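Q: no sequence for this one, just the structure:
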């Protein structure tokens, strides 16, 4: 149970990988949409990022400049008015006054009182803004005097720094009164600006998403526009491969796809003309063979009648034939028979090629049919039959007789006696409700050379090039195979491991049911229009 479950899991995983692989690598539409989407996403993200960064710097710089300018002015006007050594009350009062400016920042003033002690004044009270909230680097920059030069006329300047406390950003600044006086620090919350920037980021994100969706829709529309001619070309090529050589593409425009359509139409037109020429030549060749065969039958009938008379003279006890010409007469008789068989075979081949061969079906007992074939040709002593009576099939008896005569005759001629013919039933999948009848013809000869096996059913094929002329016409096995095919069956040739060749004939037990199902299966979609 576990093994079955694991097998199903692996099968489902493999199926999903196969579907994803086909979807990922074979869908040109999907690839175009993905490429368009990636390009649009890259462009939108880049544009949004640049816009956010520029707006962020603009908002922060504008707020920062306004706050620093106000703080610097308050330090100059209010803190500069304090005595060099103010009291704590004076510092506290001045810090409160500075905090009431338009920018609403928190102020911390640091100075030495008349007693030489360091005192503090904060607009936020004792628990508000303190020196601990000011970064050490900023305090050091504010309190350390700068060297006076031609480019630097003041020992102290205004310094600022952005910090984050928790999730809230702040602006911290500090400076010292020129000429002696308190040192001032300012703390300004940038939370409103941060909320504005967050809103801007969300807006840009939504805009990026909408741009991506719009790009995907445009990419799908563009891919449809581009791939529609390619799809029509694929449909036309498939119809051309199915033999519908009159398929053509409508050509519009002057782009590369239009040139491709024109090239396809020219190729299809040339192919149709070439196939028509070949079909005409083939039809003429078949007609010639058929006409020649029919024309030969009239003189052959007369010659056959004469040879039958000669053969009776040869077999008569009176000995009416001169012994000197007896070999020649026997040669004429045998060659006339051979020529007659060849003409009959050629006529049968032309029927198959022209598609005029038809089945005359009847219910037959396979064992009786094989026995009748062997008995009619006096092969009873050379053939070992292993077939039980009762195996019935609805087939064409005459064509089955032709198949059996060719297979058994070929085994007797080229193999070794005894030839064994066995019959069995096979209910293999795909054989229909009635199953299959399997007939094996095996000889005890040297077998068929491996290089000959693929060609044993070819017309006029000779296994030995040094014997181009033999008793057979080279059409027997080919005609047997065609008769099997017209029944919906098959013949295969192989060598038995125990020695000898084995020909296996497989025929449906009910050919009429198979023919009806094939006719029903022919009714279906005709596909796209011829002009694609």
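A: Arrived safely, thanks for sending. None of these values were measured; they are calculated from a predicted model.
Q: drop to CA atoms for contacts and neighbour counts, all remaining ones
A: Will do.
Q: next one: the strand or helix carrying residue 238 to chain centre, how far?
A: Residue 238 is part of helix 191-241 when elements are defined by DSSP states H and E. Mean-position distance between helix 191-241 and its chain equals 24 Å (C-alpha atoms, centre = their mean, to the nearest Å).
Q: quick check: mean pLDDT across it?
A: Helix 191-241 shows a mean pLDDT of 81.
Q: who are the packing partners of it?
A: Where contact means 3 or more C-alpha pairs under 8 Å, 6 or more residues apart in numbering; DSSP states H and E, helix 191-241 is packed against helix 28-77, strand 168-176, helix 256-315.
Q: okay, the ones you listed, which one's buried deepest?
A: strand 168-176 (a mean of 22; mean count of other C-alpha atoms under 10 Å).
Q: sheet partners, orientation included, of it?
A: Here the strand partners of strand 168-176, with direction, are listed using DSSP bridges: strand 159-165 (antiparallel), strand 183-189 (antiparallel).
Q: let's have the ones you listed in JSON lines, adding distance to residue 98 and mean neighbour count.
A: Written out in JSON lines, the entries for these read as follows (distance: least, C-alpha to C-alpha, whole Å; neighbours: other C-alpha atoms under 10 Å):
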{"stretch": "strand 159-165", "distance to residue 98": "17", "mean neighbour count": "14"}
{"stretch": "strand 183-189", "distance to residue 98": "10", "mean neighbour count": "24"}
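Q: one step back: take the helices and strands packed on helix 191-241 and write them to a markdown table, including mean pLDDT.
A: Written out in a markdown table, the entries for the helices and strands packed on helix 191-241 read as follows (pLDDT from 0 to 100):
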| stretch | mean pLDDT |
| --- | --- |
| helix 28-77 | 81 |
| strand 168-176 | 88 |
| helix 256-315 | 78 |
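Q: turn these into TSV, columns for distance to residue 232.
A: Written out in TSV, the entries for the helices and strands packed on helix 191-241 read as follows (distance: least, C-alpha to C-alpha, whole Å):
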stretch	distance to residue 232
helix 28-77	14
strand 168-176	61
helix 256-315	9
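Q: of all these, which one is nearest residue 512?
A: Evaluated with C-alpha to C-alpha, the helices and strands packed on helix 191-241 place helix 256-315 nearest to residue 512, the distance being 28.8 Å.
Q: next, the angle from that closest one to helix 191-241.
A: With axes from the mean of the first three to the mean of the last three C-alpha atoms, to 10 degrees applied, the angle from helix 256-315 to helix 191-241 works out at 30 degrees.
Q: for helix 256-315, what is the distance to the chain centroid?
A: When C-alpha coordinates are averaged (C-alpha atoms, centre = their mean), helix 256-315 and its chain have centres 42 Å apart.
Q: now stretch 162-177
A: Averaged C-alpha coordinates place stretch 162-177 at 61 Å from its chain's average position (C-alpha atoms, centre = their mean).
Q: turn the strands paired with strand 168-176 into CSV, including distance to residue 143.
A: Putting those into CSV (distance: least, C-alpha to C-alpha, whole Å) gives the following:
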stretch, distance to residue 143
strand 159-165, 10
strand 183-189, 8
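Q: minimum distance to residue 212: which of those has it?
A: Among the strands paired with strand 168-176, the nearest to residue 212 by C-alpha to C-alpha is strand 159-165 (33.8 Å).
Q: what does the closest one contact?
A: Outside of strand 159-165, the residues within contact range by C-alpha atoms under 8 Å, 6 or more residues apart in numbering are 138, 141-142, 169-175.
Q: can you do 10 Å?
A: Residues external to strand 159-165 that are found in contact with it (C-alpha atoms under 10 Å, 6 or more residues apart in numbering): 64, 68, 133-135, 137-139, 141-142, 169-176, 185-190.
Q: still on that earlier bit, what's the closest of the strands paired with strand 168-176 to residue 452?
A: Relative to residue 452, the nearest member of these by C-alpha to C-alpha is strand 159-165, separated by 90.2 Å.
Q: which residues touch residue 155?
A: The neighbours of residue 155, taking C-alpha under 10 Å, 6+ apart as the test, are 142-149, 176, 178-179.
Q: for it, grab phi and psi.
A: When quoted as degrees, to the nearest 10, the phi and psi of residue 155 stand at phi -80, psi -20.
Q: wait, isn't residue 408 in contact with residue 416?
A: No. With contacts counted by C-alpha atoms under 10 Å, residue 408 stays clear of residue 416, the gap being 11.1 Å.
Q: out of the two, which sits in the busier spot?
A: Of the pair residue 408 and residue 416, residue 408 is the one with more neighbours under other C-alpha atoms under 10 Å, namely 25 against 17.
Q: quick one: mean pLDDT over the one helix or strand the more buried one maps to.
A: Element membership for residue 408 (DSSP H and E) is helix 397-414. The pLDDT scores in helix 397-414 average 88.
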